[in-house]
Structures are given as C-alpha cells and as structure tokens.
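[1] below are the sequence and a predicted model; questions follow.
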Amino acid sequence: MTSKFTRRPFGAPLALVPAVTAAIALSACGGTSSATSDVLDADSAASAAASSGTVTVSPLPGTPDASPQTQISFLGGAGTQVSDVHLVGSRSGNHGGSLRAYSTGTGESFLPSHPFQTGERVSVHARVASGGTTQTVSTSFTIANQDKVSQRQFPINPGNPNAIQHYSSAPGLTPSTVSITTSAKPGASPGDLFQAPYQGKGSPGPMISEQNGGLVWFHPLPKDDSATNMQVQQYEGKPVLTWWQGRILEVGFGQGEDQIYNTSYQHVATIYAGNGYHADLHVIKITPQGTAWIDVFDPIHMNLSAAHGEANGVLTDSVVEEVDIKTGLVMWEWHALGHIPIGESNNPAPKASYPWDYVHINSISPGPASGTAGVGADQPGDVLLSSRNTWTLYDVDMHTGGIDWRLGGSHSSFKLGGGTRFYWQHDSEWQPGGLISVFDNGSDPPKEKQSRGLLLDPNTSSHTVTLVRQFTNPSRTLLAESQGNLLNLSSGENTSGNWLMGYGGLPNFTEYDPAGHVLLDGTLGKNVQSFRTYLQPWSAQAPGVPAVAVSGSAVAVSWNGATNVASWQVLGGASASALAPVASAPKRGFQTTISVPGGAAYIAVQALDSSGTVLATSHTTKG
C-alpha cells in the first residue's frame, strides 16, 4: 500500500477541534492535564502527518489516548526501511527497543523495550528509506489513563427451548434452529447461510446452514464465549472461515480475538489486536495483502464535565487497526478521540461512572489502495468508517488520519436527498462506482418505523447524496435496535443483483432482488441474535470420521461440516472384523437415520460422494 499526501477536505474541517479538546481533559495519576497542551490541534496534526511524506507513522500525530503498550508503526510503500529511531517520553525518558518488518515488505514497527507512563507526551523521530529517498519522519502523542471496565456479560434472553437443534449422533451440537419462512424462489442466490447465533437459547458459536435451514457445520465454543461475523474470506489466495470470538460485555463491546480456519475446519491463524488491546466484535476484514482490519473499544478516564457527564468519568474510545496477520504487528492505528468531537454524539453522557460510548465505530471499509481491490472510494488511501452513535459515516484519510467528509449526522458534508437520512446505522461498505451500502437500524431509541437497507450515491462534486435503492421487509415490521448488515450478492463489479439483509439484534434475515421483492426469508430462534448474516458458496472436507448413534434397528449418522456426502452405507456384522454392507440411504439433512434389518452386533457407516467413492468410515460401534 502506498499512502498519499494530505488533501484539503471539503465541507466540515478536520475534526480535532481545539475548543472541544480544551474543554475535556484526560485524567492522569490523580490529576488532570490540559488537552490543549498534550494534543496537537487539527492543523498541526495534519501538518505533522503530511511532513512524513509517503510514510504514515502511528500513533498518528496528536493522538490523545495511545496505549501505554503501543508500538510505533511506519507504513509506506514496498521496500520501506526504518533506522535511527529516537523515542522519548516526557516522564519515562528515552526508550530503547527493536525494529520488526511487516511481512508485506511495506514498513516496520518499533517495539519499545518498556511501556510508557499514563498521561505523558511521547515524541518520535526516525529515518525512513522508501521509494529511493530517505527522510526524517516524526509523530507525537499522549498516553491514555485506561479504565478496567466490568467484565459482566449480558444475561441470556428468554426464548423457546424447543428452537434448539439436537442430534443423537452429535449430542454436543446444540445451536439455535434456522426456520425458513419463505423458501428460496427462482432467482435466489446460491450458497449457504453463515451466522453466529448467540444471546438466546441454544449454544453460541459460528454456524453454517443450508438455505432450507439444515445444519452444515457448527463449532461449539468454550463457556462464556460468543462469536460474531462468521463468513468466508480469502487468505493467501484460498477460501477460509473467519469469525470473532470472545466475551460480549454489558458495557457494549467485545473483548476477544479473530479466528481463521481452512476448508478442512483446521485452525490457520488467530488475529490479536496489537498494542495491548483486545479485538472488538464488530470487524474482521482480511485484505489480499495478508493484513486484517479490526476494531477495538478502549475505555479511558476523562473529565466529561463539558459533555454534562462526570468530572471523573470514563469514555469508551473507538480504535481502528490494520494488523499484519503473519507477524501480529500493527501497521496503522487510528483513534476516534482527537478526530471526532464529542459534540457530534447522539448518545448522551451518563451521569454516573458508566462508560460513555460516545462514537461506537461498527464497520470499516478500506478503499482500493488500502487493501480492498475493486471497490470505489473518494480517493485511494481512504477508509470508510461507520459511527453508530453520531449517525455518521466518515471518510478518513489514512495518511493524516483527518476526516475528508462526513455523510449523515449533525455535521454532514452532503445535502441529504430524500430517504437518505439514517440513524444508529451499521455496516457501511464501499460498493462499485463509489456507491455506499448501509444498514439503517433506525432504532434505539426509535427514529423510524422499520429498519432499512440503503444504497447511497454520494457526489463529492455537488456535495449531495441520493438514494439509489432501499430494502424493507414487506410482510412484517422489523425494527432492529442493534447490529445488522446489508450484503451485496452480485458477482463482479455491479450493484444490480440481489442483496441479503441480516437484522442483527432480531433473529431475522431476508434476501431481496433488485426491486425489493423477497427471494428468501428466515429466522433464528426467538430472541437469538446474529451480528451479521452472510450467504456465500462453501465446499469443505470435514475432519475425522462420521459420528454414529445406534438405537435398536435405527442407525443415526452425521459428519459435522461435510459438504460432499451424497449417501451413507451401513456396514454390519457379527464381529468388528467381519463387516459387510447391510443398508444404505441418501443423505437427508445434517443427520440421517437408517433402518438396519436383522440387528447386526457391530455397526459402522461409510460416507459416499456422488460417484459412490468412500470418503470416510466411522468408528465401529456395537449394535
């Protein structure tokens, strides 16, 4: 990736507003320090970033709440090399450390030998060779006073205990049911459903289902863990399963890691947030370059008096990271605090010490030069962020960290056309031609009668945005208080095909054709949630061997995750060493029950593909 020079934004200015930062102070070691003395203003922060040429240094200049465990990231073009790093904390003094290169060959991170101190100002200078030139780059930032929030999780919702899947051959798999209310119609997109049910009855975990609701694969999780964002992505040129896994806290965010599994359901990699953070549940997006975009929620102590909150308050900042998957190094990091003024929040500051989630970044969509090929962005090197609690989409310049424009909210850079205003939204994504899709929750508290899927056309020349298309369920009123997504199911570079909408906090999901007609509709169990729903092709080889349960003359067989089984063949005999075919049946759903005449003393079952080839044979069990 090659970063670009700073550009003059139109509409609203870069969002680090001195009047706001002066009114709010970071609480550090029992005292307060003026934000104006510890944080660069908008112009100087942008100038400092621009002075770094084609290399972006993170934490970005002016970051007011960097982690005490932060590394210093130098991201540039191919062959970027760093030397002569000089790192000084205003309280901790000089810091030694080591340089480690990114697997992409586009830069290095400097890992300090010991952490920084709360509230101190850190200055960084280094020499960077990139593109045949050598330059001096710098950054300066302040260290946060981090808060340890309650680890209490949401209680399980009451639901229907009958809406849980049970299998005698696989008793450890008990996910929510998937009920199809409108079967796939002609023109519906092929593929399987990818979800991660949680919060209601049934076990939480990543799950794949057929379009008829039949289970394909379920991955049970350790106690107290949940999963979100189960989907198919590409890693090192191959399809993989990815999901977030961890604890979902009552304070409104997740603490965990992101998982990558291959088409044999084998663990490939775990993506950890860098700089001492825990990955949040909202985003895991892999790029063709082998990097991952993730988000982090970081509660910090702050004086919130200016926002009518507590003087000794806690604010939850949203942090965006691009992480090198192979090395675990942070290549780029951006903090909402310092770029998005607290005055833009539509979520009032609490009167108690409960953490104030003022911005709540819930989706990340990098532009084409930022690792996502084939999509439209205003300029190469932009990244599109959705902030639920400001009702705004932000186009962020990766090099400076500045906001080039806002769409929606109270300071929109665009004149909003009819039907384009949204509230408490999720899942904004760049689409071909510079269009933007977004799931408009419209609720919590309600601002609309029904949640919508929107396709928007922002015109950066006329500063207007128009509604291209919207989707709402025609048969029932669905207003999702949280979560949700809108997925473009078109192949190639277009937006004229089908769309899938997952309702997040509601158990519903719907596929629409371009005219908004329902092609597929379904629901998880009552009160069950799935942060996002995906519909994608999937082919996999299940690990191990089929599982078998025998009850009298009935043999139940399943193979968790197998996609290429066409039929089952039952082997029976008087001894385990003398088995012969005694019955067969086509595969019927996740578990197939086969009647075996005569009651063999020993039983095994073979999985056959469509040509009759044996894929695997179960362990032998007594009949």
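    Received, thanks.
[2] only C-alpha atoms for contact and neighbour calcs from this point on.
    OK.
[3] now residue 207: phi and psi?
    phi -140, psi 140 (degrees, to the nearest 10).
[4] quick check: it touching residue 214?
    No. Here residue 207 does not reach residue 214: they are 10.7 Å apart, not a contact under CA atoms under 8 Å.
[5] tell me who's in contact with residue 178.
    Contact analysis of residue 178 by CA atoms under 8 Å, 6 or more residues apart in numbering lists 209, 213-214, 522-525.
[6] quickly list what residue 406 is bridged to.
    Counting by DSSP bridges, residue 406 is bridged to residue 394.
[7] next up, the contacts around it.
    Residue 406 is in contact with 12, 392-395, 412-414, counting by CA under 8 Å, 6+ apart.
[8] just residue 139 next, same as before
    Per CA under 8 Å, 6+ apart, neighbours of residue 139: 48-49, 57-62, 123-125.
[9] now residue 606
    546, 568-571, 614-618.
[10] please, which helix or strand holds it?
    Here residue 606 sits within strand 602-608, counting by DSSP states H and E.
[11] just the mean pLDDT for that strand, thanks.
    The predicted model assigns strand 602-608 a mean pLDDT of 98.
[12] pairing partners for that strand, with directions?
    If you go by DSSP bridges, strand 602-608 pairs up with strand 567-573 (antiparallel), strand 614-617 (antiparallel), strand 621-622 (antiparallel).
[13] tell me the most buried of those strands?
    Neighbour counts (mean count of other CA atoms under 10 Å) averaged over each of the strands paired with strand 602-608 peak at strand 567-573, with a mean of 23.
[14] can I get the strand holding residue 606 in CSV? Just the C-alpha atoms.
    The C-alpha coordinates for strand 602-608 follow below in CSV (Å, rounded to 0.1, in the frame of the first residue of the first chain):
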residue,chain,number,x,y,z
TYR,A,602,-21.5,-54.4,15.2
ILE,A,603,-22.1,-51.4,13.0
ALA,A,604,-20.0,-48.9,11.0
VAL,A,605,-21.1,-46.3,8.5
GLN,A,606,-19.4,-45.1,5.3
ALA,A,607,-19.8,-41.7,3.7
LEU,A,608,-20.1,-41.8,-0.1
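[15] hey, what's residue 294 bridged with?
    Taking DSSP bridges, one obtains residue 284, residue 321 as the residues bridged to residue 294.
[16] burial count for it?
    When counting by other CA atoms under 10 Å, one arrives at 29 neighbours for residue 294.
[17] what sits against it?
    273, 279-280, 282-285, 320-323, 364.
[18] now list the buried members of those residues.
    273, 279-280, 282-285, 320-323, 364 (16 or more other CA atoms under 10 Å).
[19] between those, which is closest to residue 589?
    Set against residue 589, the nearest of those by CA to CA is residue 284 (30.3 Å).
[20] which pLDDT does the model give that closest one?
    98.
[21] my guess is it meets residue 291, correct?
    No. Under the criterion of CA under 8 Å, residue 284 makes no contact with residue 291, lying 10.2 Å away.
[22] on that earlier part again, any of the contacts of residue 406 buried? List them.
    392-395, 412-414.
[23] name the nearest residue to the residue positioned nearest the centre of the chain, sequence neighbours excluded.
    Nearest to the mean C-alpha position of the chain, counting by CA atoms, centre = their mean, stands residue 283 at 1.5 Å. Nearest non-adjacent residue to residue 283, counting by CA to CA, 6 or more residues apart in numbering: residue 294, 5.1 Å away.
[24] again, but for residue 112
    Nearest non-adjacent residue to residue 112 (CA to CA, 6+ apart): residue 97, at 4.2 Å.
[25] got the phi and psi for the one you found?
    Note on residue 97: its backbone torsions stand at phi 170, psi -170 [degrees, to the nearest 10].
[26] for residue 419, same thing?
    The phi/psi pair for residue 419 (degrees, to the nearest 10) is phi 80, psi 10.
[27] who's the residue nearest to residue 426 when sequence neighbours are not counted bridged to?
    Distances taken as CA to CA, 6+ apart place residue 439 nearest to residue 426, at 5.2 Å, with adjacent residues excluded. Applying DSSP bridges to residue 439 gives these bridge partners: residue 426, residue 453.
[28] for residue 98, same thing?
    residue 111.
[29] thinking again about what came up before, now render the contacts of residue 606 as a markdown table, adding distance to residue 193.
    Putting the contacts of residue 606 into a markdown table (distance: CA to CA, whole Å) gives the following:
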| residue | distance to residue 193 |
| --- | --- |
| 546 | 22 |
| 568 | 24 |
| 569 | 28 |
| 570 | 30 |
| 571 | 33 |
| 614 | 27 |
| 615 | 24 |
| 616 | 26 |
| 617 | 28 |
| 618 | 27 |
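[30] can you tell me which two in these are farthest apart?
    It's 571 and 615 that sit farthest apart of the contacts of residue 606, by CA to CA, at 14.4 Å.
[31] what bridges to the residue nearest to residue 180 when sequence neighbours are not counted?
    Distances taken as CA to CA, 6+ apart put residue 522 closest to residue 180, at 4.1 Å, once the chain neighbours are dropped. Note on residue 522: beta-bridge partners by DSSP bridges are residue 180, residue 509.
[32] and the gap between residue 522 and residue 510?
    7 Å (CA to CA, to the nearest Å).
[33] now the strands paired with strand 602-608 in a markdown table, with distance to residue 465?
    Below are those laid out as a markdown table (distance: least, CA to CA, whole Å):
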| stretch | distance to residue 465 |
| --- | --- |
| strand 567-573 | 53 |
| strand 614-617 | 54 |
| strand 621-622 | 65 |
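[34] residue 402: which of these is closest?
    Nearest of the strands paired with strand 602-608 (CA to CA): strand 614-617, 55.1 Å.
[35] give me the residues contacting that closest one.
    545-546, 565, 604-609.
[36] how about 6 Å then?
    545, 605-608 (CA atoms under 6 Å, 6 or more residues apart in numbering).
[37] quick check: residue 225 touching residue 249?
    No. Using CA atoms under 6 Å, residue 225 makes no contact with residue 249, being 10.6 Å away.
[38] which stretches in the stretch 201-350 of the chain count as strands?
    Using DSSP state E, counting those that start in this stretch, the strands of the stretch 201-350 of the chain run over 207-209, 215-218, 226-235, 238-248, 254-261, 267-271, 284-286, 291-302, 313-324, 330-335.
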